[in-house]
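> predicted model follows, preceded by the sequence.
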Amino acid sequence: MATNVQVEKNNNESSANVIRRFQKRVQNSGIVRRLRDNRYYKRIKSENVRRSARLKKLVKKTEYERLYKLGKTPETPTRR
């Protein structure tokens with residue numbers, strides 16, 4: 001869905017004015033808005049992927065809690 005925007009220079013028109021008209025046309029066509037909307041688009045993950053991620057997280061959490069009770073938790077280095 002490409003939208004082409006075209007502006008032609010009139011006889012007594014400065015190039016700055018042509019650029020200004022072009023920018024207005026691009027802005028009114030919605031091209032910039034669509035690009036900005038798509039910039040941070042994040043695809044929705046499927047239910048199976050989300051379920052497996054939750055299960056992995058739960059397994060890691062229970063393993064950490066078990067090691068914590070035994071006093072064998074790995075030391076994490078401090079960050080500055």
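Yep, that arrived. Residues are numbered from 1 along each chain as shown.
> which residue lies nearest the spatial centre of this protein?
residue 40 (2.1 Å; CA atoms, centre = their mean).
> what about residue 23, neighbour count?
Residue 23 sits with 13 neighbouring residues when counted by other CB atoms under 10 Å. C-beta coordinates here come from the backbone N, C-alpha and C atoms, glycine included.
> that one in helix, strand or coil?
Following DSSP: H, G, I helix; E, B strand; the rest coil, we place residue 23 in the helix state.
> do you know how far it is from residue 48?
46 Å (CB to CB, to the nearest Å).
> pLDDT weak spots in the chain?
1-3 (pLDDT under 70).
> can you give me the helices for it?
Along the chain, counting by DSSP state H, helices occupy 15-29, 31-39, 47-70.
> any idea how far the shortest one is from the middle of the chain?
For helix 31-39, the separation from the chain centroid amounts to 11 Å (computed by CA atoms, centre = their mean, to the nearest Å).
> and residue 61, how many neighbours does it have?
Should you count by other CB under 10 Å, residue 61 turns out to have 10 residues around it.
> ah, wrong one, I meant residue 68
So residue 68, with other CB under 10 Å, has 10 neighbours.
> what's the answer for the one 10 residues further on, then?
A count of neighbours around residue 78, defined by other CB under 10 Å, yields 5.
> just residue 22 next, same as before
Neighbour tally, residue 22, other CB under 10 Å: 13.
> for residue 74, give its distance to residue 64.
9 Å.
> let me fix that, I meant to ask about residue 31.
From residue 31 to residue 64 the distance is 49 Å (CB to CB).
> more crowded one of the two?
Higher neighbour count among residue 31 and residue 64: residue 31, with 15 against 12, using other CB under 10 Å.
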